[in-house]
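*Asks:* any chance you can model this:
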Amino acid sequence: MPRRRRAVSEIIASLMLLFIVSALGTTLYSYTLTITQGQHDELTSEMSRAADRAQERVKVMAVWWSGAGDLLNVTLLNYGRSDVEVSDVYVNGERGLFVDYEEDGCPAFAEHVKRSYG
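*Replies:* Okay, the predicted model is just below:
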């Protein structure tokens, strides 16, 4: 007796198609959510950095050179809302060693200038 071949019923086929489409939709939604969340985080971080930069206000109050030796004095005033850190000083394209004078007038050699209020 020959075997009887049976096809998948329309209901089972519809359920399988519905499951496949739902799985693909969920995967696409998850991928899109991950990408947009990364872009949102990057934009938020950039906006925060821009806001911090907008609050930095530094003015060069005085620059003088004694004429003897290689000591150049630059006085800065920080009148912004955030602390400003001077990390490097360049004179004619060359990085120079700089000294921060503490409130007591003693020099403090450092990799960065400590903030001072004038």
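*Asks:* can you give me the buried ones in stretch 76-94?
*Replies:* By 16 or more other C-beta atoms under 10 Å, the buried positions in stretch 76-94 come out as L76, N78, V86. Bear in mind the C-beta positions are built from the backbone N, C-alpha and C, glycine included.
*Asks:* between those, which is closest to L97?
*Replies:* V86 (12.6 Å; C-beta to C-beta).
*Asks:* which of the helices or strands spans L76?
*Replies:* Using DSSP states H and E, L76 sits within strand 72-78.
*Asks:* given that strand, what are its sheet partners and their directions?
*Replies:* Next to strand 72-78 in the sheet, as set by DSSP bridges, lie strand 58-65 (antiparallel).
*Asks:* how about the CA coordinates for the partner strand, as CSV?
*Replies:* These are the backbone C-alpha positions of strand 58-65, laid out as CSV (Å, rounded to 0.1, in the frame of the first residue of the first chain):
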residue,chain,number,x,y,z
VAL,A,58,40.1,82.3,30.9
LYS,A,59,41.7,85.6,30.3
VAL,A,60,45.4,86.3,29.9
MET,A,61,45.9,89.2,32.4
ALA,A,62,49.6,89.8,32.0
VAL,A,63,52.6,88.5,30.0
TRP,A,64,56.1,89.7,30.8
TRP,A,65,59.7,88.6,30.2
